[in-house]
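Visitor: coordinates for the following, if possible.
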Amino acid sequence: MRAPGGPLAALAAAVLQPGFVGVTPPPWVCRWLGEGLGSVVLFARNVVDHAQVAALTAALRAERPDVIVAIDEEAGDVTRIESRRGSSRPGNFALGAVDDPELTERVARDLGADLASLGVTLDYAPDADVNSNPANPVIGVRAFGADPALVARHTAAWVRGLQAGGVAACAKHFPGHGDTRVDSHHDLPLITGDRDRLDSVELAPFRAAVAAGAQAVMTGHLLVPALDPELPATLSSRILGGLLRDELGFSGVVVTDAVEMRAVADRYGFAGAAVRALAAGADAICIGGERAGEEDARELRDAIVAAVVSGELPEERLAEAAKRVGQLAEWTVAARSGGPARRGLPADASEVGLAAARRALRVTAAPGGAAALPLTVPAYVVEFEPPRNIAIGAETPWGVGAPLAEMLPGTATRRYAEDDVPVDPTAGADGRPVVLVVRDLHRHPWMRSAVTRALAARPDAVVVELGVPELVTGAVHVATHGATRAAGRAAAELLAG
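Guide: Numbering: from 1, shown residues only. Presented below is the predicted three-dimensional model:
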């Protein structure tokens, strides 16, 4: 059944942040923007190049001048605006490895200025999680690190930089997704720390984000019994109201992580999760990573209206949420008009990003191992591909072989997944220098086995780790702290001298 028109339907539309399919705004989005829809979110599927994104956001703004245009752009392994070529900036983990908050602020300001020039006004970043569990399958290099104080100071710097660039920051995934082995895209993670542990670890970066003036906070679909033994954070008034609002003093917009994610949708339903989140204190409902049509947005709008009519969702709560979204829209309009001078379309690469990626490199050499560098002849690069992290676009390129081949023509690259890795991955090297490229070597037994065999055959091989360097091995080990385009290039420069 279609929701009735009028103020209630407009309020329900105002709190949705739907995605859509296409590189131009579809007719339904344009129509909804005239009927109360206050926000949209862009994904990689909406991005061809900078000129196209600028035209897309201009078309959206022609329908509603204060529309909030959000994007999930972490400027690291998780990139949407550069999804087809890889981020030209290092991610959080690399910035944490450098541990220069001024550099982090410059990188985030550079990103903010680029996004603002494209018409984006809200970024679902920074990731403020403390990656205290090395086995975490979904956070890893998306976090600044495992030390709460380090993560807190860089979260604050990132918020300041992005917002100085003219784009609202959204710290995620509250109250902290770092200490888990479960990916909330697939199931409901359990965070087992007691309240003292949460205060000293998980919550420290969010306090810093609030103090730095973050305009938004994104909820995590996480069960945290020390805070609420029954409901995931996204659906918990204890966590969103009692903790985030009352204790931490946050007054901005609370955005849910995508409500179609299985951690909540499998238990409460797609629409049920959205209604429960609003009732618990969320202000904006993110949808569209996987459900991106008008029928999906209508299902949620209708469910919200029905919940108000039935009394399940107080109309005052819905009005409060819509008011906060409107206040964020006002902030973004002011930022666009009063922020830094608008610059042209972004360059193909970020100078400060590449400089930061170079500073993030760490080399560990066994006795005599350093003699393996620099490489002076074409190399044989073996890249081991782990199962895809669903937060990272399948289309996003990564690796060291391609940039190294530009510097050492004749360099060959082979890439192997678990099912096709040979007994001796170095068999085709034919005497050339060997470079073994891994991502989170410590998390993948098959990869560790393959690298062990490769090093047995070629003990002079250089190992390049593009993930979390929890396991250091080889005569020479290079850690980039991320798999971005900038990280791959920085590593190739180091290898080629």
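Visitor: tell me the contacts of the closest residue to residue 270 other than its chain neighbours?
Guide: Counting by C-beta to C-beta, 6 or more residues apart in numbering, residue 270 lies nearest to residue 260, which is 5.7 Å off, once chain neighbours are set aside. Every residue, glycine included, has its C-beta placed from N, CA and C. Residue 260 sits next to 270, 287, 289-291, 296 when contact means C-beta atoms under 8 Å, 6 or more residues apart in numbering.
Visitor: which residues of the stretch 101-250 of the chain score low on pLDDT?
Guide: Residue ranges of the stretch 101-250 of the chain with pLDDT under 70: 182-187.
Visitor: in the stretch 351-497 of the chain, what residue spans correspond to strands?
Guide: 362-365, 380-384, 412-416, 434-438, 462-465, 476-479 (DSSP state E, counting those that start in this stretch).
Visitor: same deal with the stretch 51-200 of the chain?
Guide: 68-71, 122-123, 168-174.
Visitor: averaged pLDDT, the first one. What do you get?
Guide: Here the mean pLDDT over strand 68-71 is 98, rounded to a whole number.
Visitor: which positions within it qualify as buried?
Guide: 68-71 (16 or more other C-beta atoms under 10 Å).
Visitor: and the contacts of residue 260, which is closest to residue 251?
Guide: The closest of these to residue 251 turns out to be residue 287 (C-beta to C-beta; 24.3 Å).
Visitor: which residues touch the closest one?
Guide: 16-19, 258-260, 274, 296-297, 300 are the contacts of residue 287 under C-beta under 8 Å, 6+ apart.
Visitor: for residue 386, see how far away residue 495 is.
Guide: According to C-beta to C-beta, to the nearest Å, residue 495 and residue 386 sit 21 Å apart.
Visitor: determine which two of the contacts of residue 260 are furthest apart.
Guide: 270 and 289 (12.3 Å).
Visitor: that older thread, tell me which of residue 495 and residue 386 has more neighbours.
Guide: The residue with more neighbours, out of residue 495 and residue 386, is residue 495; 25 against 18, by other C-beta atoms under 10 Å.
Visitor: residues contacting the more buried one?
Guide: Per C-beta under 8 Å, 6+ apart, neighbours of residue 495: 373-375, 379, 400, 404, 435, 462, 464, 478.
Visitor: got it, and residue 401?
Guide: Applying C-beta under 8 Å, 6+ apart, the residues near residue 401 are 381, 383, 411-413, 415, 435, 437.
Visitor: try 10 Å this time
Guide: Residues counted as contacts of residue 401 (C-beta atoms under 10 Å, 6 or more residues apart in numbering) are 379-383, 411-415, 435, 437, 488, 492.
Visitor: for those, which one is nearest residue 127?
Guide: Scanning the contacts of residue 401 for proximity to residue 127, where the rule is C-beta to C-beta, the winner is residue 488, at 20.5 Å.
Visitor: how close does the closest one get to residue 361?
Guide: For residue 488, the distance to residue 361 - C-beta to C-beta - is 11 Å.
Visitor: tell me, what's touching the two both at once?
Guide: With C-beta under 10 Å, 6+ apart, residue 488 and residue 361 have common neighbours 464, 480.
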